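Peer 1: got a structure for you, letters missing:
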């Protein structure tokens, strides 16, 4: 059974930092792309960042230069370092794992991912 468990969310003031973690289990993730999405109340789920198994990284324009995604395959864990946080970053952040053998050039589409965590709340106060 595939399981993704996020942690590290919380309440932070604008300009602050948080580091999210996503622990994966249930199948081999070392050759899968991993991604972070977020969903704010009343809004659609949106792509935040992705890291391939070769450690190439992709970011939404809204977080470029502020967020950094990384992975530790030995620990089956993906991280999202979030700096210079803004109130508009407030959302539930979800970790996702790429479905096996998916062939597409886009890492930002939710359809690429077949395993999702429950999410961790990030709240940024102004």
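Peer 2: Structure received. Note that this is a predicted model, so its numbers are computed, not measured.
Peer 1: Just to check, residue 83 is in contact with residue 63?
Peer 2: No: if you go by C-beta atoms under 8 Å, residue 83 and residue 63 don't touch, sitting 9.7 Å apart. The C-beta positions use only the backbone N, C-alpha and C, and glycine is treated the same way.
Peer 1: of those two, who's got more company?
Peer 2: Ranked by neighbour count (other C-beta atoms under 10 Å), residue 83 and residue 63 place residue 63 first, with 22 against 14.
Peer 1: Is the residue nearest to that one when sequence neighbours are not counted in a helix, a strand, or coil?
Peer 2: Leaving aside its sequence neighbours, residue 63 sits nearest to residue 48 (C-beta to C-beta, 6 or more residues apart in numbering; 5.9 Å). Following DSSP: H, G, I helix; E, B strand; the rest coil, residue 48 is assigned to strand.
Peer 1: Thanks a lot, see you next time.
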